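Undergrad: 3D model of this:
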Amino acid sequence: MEYNYTKVIKENFITIVEVNNPPANMLSSACIDELRARFNTLADDEETRAVIVTGAGRFFIAGADIKEFLSALGDEEKGLAMAEAGQALCNEIETMNKPVVAAINGPALGGGLELAMSCHYRIASNSATLGLPELKLGLLPTFGGTQRLARITGTANALDLILTSKQLSAEEAVNLGIIQLVASENEVLETAVAIANTLVEGKSMTSVSRVVECIIQGNQEPLDDGLKREREKFAELFLINDAKEGIQAFIEKRKPDFLHS
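TA: Here you go, the predicted structure:
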């Protein structure tokens with residue numbers, strides 16, 4: 001596949017996916033397809049233990065490509081296909097078997113914020129703005145925004161943010177739990193790399209991937225089902241070499257040498 005809208009940078013076991021679709025890194029259909037291909041490839045890449053997604057230039061992602069909406073007017077099937085593609089991208093990011101960090105270096109609006117909310121950890125520049133302004137277009141958030149925002153902030157806050165179409169500062173977004181950390185404008189990516197390293201450094205990916213699965217899947221199912229998944233994943237690890245290494249290293253008071261298998 002030819003990549004025209006994204007660039008990948010690898011730093012040790014951290015892979016940075018940079019969206020580069022000037023002028024505002026819009027999520028066009030082609031850009032969405034490319035991002036899906038990137039994340040599907042990285043999910044199977046043994047040299048990638050965590051992923052960072054960020055934007056080129058002064059934008060993170062300023063939403064979907066509005067011009068493409070014109071072709072869907074009067075065509076419900078086209079509208080449905082657009083929504084399905086955006087939701088599929090965000091679902092694939094959220095259920096990825098490795099931690100994904102959003103380094104929000106600038107405005108994250110509409111589909112851009114929806115993509116960020118599908119990431120497992122979110123860091124924003126102190127100058128970033130975040131919002132879901134789709135109602136101003138006579139539309140609604142459809143890449144998972146109505147669902148993920150309500151799960152993150154609660155129903156009342158989600159209704160307030162979407163119905164008012166307000167834009168939040170990074171500090172306001174932290175207070176609502178939409179992002180976990182604010183960094184200075186020049187240090188967002190550096191901070192994201194440091195955070196990504198703490199998520200996987202010194203840990204076995206056999207455990208990390210199961211934690212991500214238990215938390216993400218468990219959030220969408222009854223508690224008993226989530227607990228069942230948790231104990232099954234825990235038991236599986238006793239059949240994997242890294243558990244033996246981790247336990248032995250702890251007893252011997254040394255750093256484990258995980259093989260991630």
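Undergrad: Walking through this protein, point out its strands one by one.
TA: If DSSP state E is used as the criterion, the strands of the chain fall at 6-11, 14-19, 50-55, 100-104, 108-109, 121-125, 129-131, 167-169, 181-183.
Undergrad: Those strands: which one's closest to Arg229?
TA: strand 100-104 (20.1 Å; Cβ to Cβ). From N, CA and C alone the C-beta is placed, and that goes for glycine too.
Undergrad: Show me the shaky parts of the chain.
TA: Nowhere does the chain drop to pLDDT under 70.
Undergrad: Let me see the domain layout of it.
TA: Domain ranges of the chain: 6-200, 205-251, per automatic domain parsing.
Undergrad: So which of these is the most surrounded?
TA: domain 6-200 (a mean of 19; mean count of other Cβ atoms under 10 Å).
Undergrad: where's Val174 relative to Leu130, distance?
TA: Per Cβ to Cβ, to the nearest Å, Val174 is found 10 Å from Leu130.
Undergrad: Spit out the residues that contact these two alike.
TA: Common contact partners of Val174 and Leu130 (Cβ atoms under 8 Å, 6 or more residues apart in numbering): Ala124.
Undergrad: Pull the number of nearby residues for Asp257.
TA: 10 (other Cβ atoms under 10 Å).
Undergrad: Excluding chain neighbours, what is closest to it?
TA: Glu245 (6.3 Å; Cβ to Cβ, 6 or more residues apart in numbering).
Undergrad: any chance you could map the helices in the stretch 1-150 of the chain?
TA: Per DSSP state H, counting those that start in this stretch, the stretch 1-150 of the chain carries helices over the ranges 29-43, 66-69, 76-94, 111-117, 145-153.
Undergrad: Save those helices as JSON lines, and put in distance to Leu259 too.
TA: Output for these, formatted as JSON lines (distance: least, Cβ to Cβ, whole Å):
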{"stretch": "helix 29-43", "distance to Leu259": "19"}
{"stretch": "helix 66-69", "distance to Leu259": "46"}
{"stretch": "helix 76-94", "distance to Leu259": "27"}
{"stretch": "helix 111-117", "distance to Leu259": "33"}
{"stretch": "helix 145-153", "distance to Leu259": "35"}
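Undergrad: mind checking which of these is nearest Ala249?
TA: Closest among the helices of the stretch 1-150 of the chain, using Cβ to Cβ: helix 29-43, at 27.7 Å.
Undergrad: other SSEs contacting the closest one?
TA: Helices and strands touching helix 29-43, as assessed by 3 or more Cβ pairs under 8 Å, 6 or more residues apart in numbering; DSSP states H and E, comprise strand 6-11, strand 14-19, helix 76-94.
Undergrad: Now tell me what touches it from outside.
TA: The contact list for helix 29-43 (Cβ under 8 Å, 6+ apart) reads 1, 3-6, 8, 15, 17, 19, 21, 27, 48, 51, 65, 68, 82, 85-86, 88-89, 92-93, 96-98.
Undergrad: Tell me how far that helix lies from the chain's centre.
TA: Here the centre of helix 29-43 is set off from its chain's centre by 13 Å, with Cα atoms, centre = their mean, to the nearest Å.
Undergrad: Alpha carbons only: can I get that helix in PDB?
TA: Output of helix 29-43 as PDB, limited to C-alpha atoms (Å, rounded to 0.1, in the frame of the first residue of the first chain):
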ATOM      1  CA  SER A  29     -11.700   8.500   3.500                       C
ATOM      2  CA  ALA A  30      -8.200   7.800   2.100                       C
ATOM      3  CA  CYS A  31      -6.500   9.000   5.300                       C
ATOM      4  CA  ILE A  32      -8.800   6.700   7.400                       C
ATOM      5  CA  ASP A  33      -8.000   3.700   5.200                       C
ATOM      6  CA  GLU A  34      -4.300   4.400   5.500                       C
ATOM      7  CA  LEU A  35      -4.400   4.800   9.200                       C
ATOM      8  CA  ARG A  36      -6.300   1.500   9.500                       C
ATOM      9  CA  ALA A  37      -3.600  -0.200   7.400                       C
ATOM     10  CA  ARG A  38      -0.900   1.300   9.600                       C
ATOM     11  CA  PHE A  39      -2.400   0.200  12.900                       C
ATOM     12  CA  ASN A  40      -3.200  -3.300  11.500                       C
ATOM     13  CA  THR A  41       0.400  -3.700  10.500                       C
ATOM     14  CA  LEU A  42       1.800  -2.400  13.800                       C
ATOM     15  CA  ALA A  43      -0.500  -4.800  15.800                       C
END
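Undergrad: Good, wrapping up.
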